[in-house]
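Chemist: task: produce atomic coordinates for the following.
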Amino acid sequence: MPRYDFAAQRLFIDAPLAAGAAIEIDREQANYLLNVLRLEENDGILVFNGADGEWLARIAPTGRKSARLVVERNVRPQDRPGNVHYLFAPLKHARLDYMIQKAVEMGAARLQPVLTRRTQAQRVNLERMRANVIEAAEQCGIMTIPQIDDTITLERLLRDWPADRRLVFCDEDTAVAEPFAALTQAFASRPVVEDSWPAVAVIVGPEGGFDDAERKALAELPGSVSISLGPRVLRADTAAVAALAIVQAAIGDWRTP
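Modeler: I've put the predicted structure just below:
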């Protein structure tokens, strides 16, 4: 992994980026730059929008709580996004925030809440999810913002599952103890296409796991791969990190196609 200046301040901008562009930022962002970070006129900040790479911009205050950014030059080209989708049973606030942030850090390209029979939190604040996604991307040098999908039931998810995407099912009762072996075997017949990552989704269940009927449906989905996350019982937010680390190391963007 190339060295990255983690001390640099970064800001997500929901606008096109190009040399010479002058971008009006919202009041909250202006307050953050001027009054929290205490940046001043002509101070530099790195900006990105998830599509145009990373740019150096200069601050041009227009008031005590307002400012615009003047874009100067590109400092990093846009990277090629991974192709790992992360599907999860919703958790309650703080632990859901943590899980979303970690999924972004681990390279998830798409996030989708999935309602199961044992799901504890039935409602998900998608705006809060997006805020956590952006915060994680800003702090960790990530340039691609994962897509956030609406909440869906497990039944509908499996009914409409695309045939060209493998589903990695984190199953504590799987007979295959070695997850790398299971993934390597499953993807052996699907070689990586040049300039693309394997199409894969990872699903982690709620506290208490999937019930028997759900486990059967997941295991019987054509192309699904059951993997173990080890001998210990993991909380759902911890399982997210473990599962994505295994998949990225075995078949994801930690490997060069």
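
Chemist: distance of L17 from P90?
Modeler: 33 Å (C-beta to C-beta, to the nearest Å). For the C-beta atoms, the positions are set from N, CA and C on the backbone; glycine is no exception.

Chemist: please disregard the earlier target; I meant V233.
Modeler: V233 is 20 Å from P90, where distance means C-beta to C-beta.

Chemist: what's the answer for N35, then?
Modeler: For N35, the distance to P90 - C-beta to C-beta - is 34 Å.

Chemist: check A103 too.
Modeler: 13 Å.

Chemist: compare these two (neighbour count), which wins?
Modeler: A103 (28 against 22; other C-beta atoms under 10 Å).

Chemist: just the strands in this structure please.
Modeler: With DSSP state E as the criterion, the chain has strands at 10-12, 22-24, 44-48, 54-63, 66-76, 84-88, 110-115, 147-148, 152-153, 166-170, 200-204, 225-227.

Chemist: could you list the buried residues of the first one?
Modeler: By neighbour count on 16 or more other C-beta atoms under 10 Å, the buried set for strand 10-12 is 10-12.

Chemist: walk me through the domains of the chain.
Modeler: Per the record's domain assignment (automatic domain parsing), the chain is made up of the domains 10-76, 84-251.

Chemist: for the residue nearest to R235 when sequence neighbours are not counted, give me its contacts.
Modeler: Leaving aside its chain neighbours, R235 sits nearest to E207 (7.0 Å; criterion: C-beta to C-beta, 6 or more residues apart in numbering). The neighbours of E207, taking C-beta atoms under 8 Å, 6 or more residues apart in numbering as the test, are 91, 118, 120, 235-236.

Chemist: switch the cut-off to 10 Å
Modeler: Shown in contact with E207 (C-beta atoms under 10 Å, 6 or more residues apart in numbering): 89, 91-92, 95, 118-120, 235-237, 239.

Chemist: quick one, the helix or strand of the chain with the lowest mean pLDDT and strand 200-204 angle?
Modeler: Least confident helix or strand, the chain: helix 179-187 with a mean of 84, by mean pLDDT, DSSP states H and E. Angle of helix 179-187 versus strand 200-204, following axes from the mean of the first three to the mean of the last three C-alpha atoms, to 10 degrees, is 140 degrees.

Chemist: contacts for helix 179-187?
Modeler: With C-beta under 10 Å, 6+ apart, helix 179-187 has contacts from 166, 168, 170, 174-176, 178, 198, 200, 223-230, 242-243, 246-247, 249-252.

Chemist: buried ones in that helix, by neighbour count?
Modeler: Judged by neighbour count using 16+ other C-beta under 10 Å, the buried positions of helix 179-187 are 179, 182-183, 186-187.

Chemist: pretty sure A219 sits against V168.
Modeler: No - using C-beta atoms under 10 Å, A219 makes no contact with V168, being 11.9 Å away.

Chemist: more crowded one of those two?
Modeler: More neighbours surround V168 than the other of A219 and V168, with 27 against 15 (other C-beta under 10 Å).

Chemist: now do the same contact list for the nearest residue to that one once chain neighbours are set aside.
Modeler: In this structure, V168 finds its nearest non-sequential neighbour in V202, 4.7 Å apart by C-beta to C-beta, 6+ apart. Contacts of V202 were listed using C-beta under 10 Å, 6+ apart, and they are 84-88, 103, 106, 108, 166-170, 225, 227, 239-240, 243-244, 246-248, 252.

Chemist: where does the prediction get shaky in the stretch 101-250 of the chain?
Modeler: 176-177, 189-196 (pLDDT under 70).
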